[in-house]
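Trainee: What follows is a predicted structure for the sequence shown.
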Amino acid sequence: MTAIWMGLTTVVFETARLTLDENRAICETMQSWLGLSPFAADDRQRT
């Protein structure tokens, strides 16, 4: 989760390593609501 938040990887890329068990809509939009840390470099922002 920290690597995703820091912009080093994405939720899609880490799907095999993540287990998300809650509301499906929340899980599918996780990348957008999680956002990026203010310390993440702009050029590393992933969608």
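Mentor: In hand now; what should we look at?
Trainee: any idea how far the closest residue to residue 27 other than its chain neighbours is from residue 38?
Mentor: Excluding the flanking residues, the one nearest residue 27 by C-beta to C-beta, 6 or more residues apart in numbering is residue 20, at 4.0 Å. Bear in mind the C-beta positions are built from the backbone N, C-alpha and C, glycine included. Using C-beta to C-beta, to the nearest Å, residue 20 is found at 24 Å from residue 38.
Trainee: More neighbours: which of those two?
Mentor: A count of neighbours by other C-beta atoms under 10 Å puts residue 20 above the other of residue 20 and residue 38, at 12 against 5.
Trainee: could you give the mean pLDDT of the helix or strand containing residue 26?
Mentor: Taking DSSP states H and E as the definition, residue 26 sits inside helix 24-28. What helix 24-28 shows for mean pLDDT is 81.
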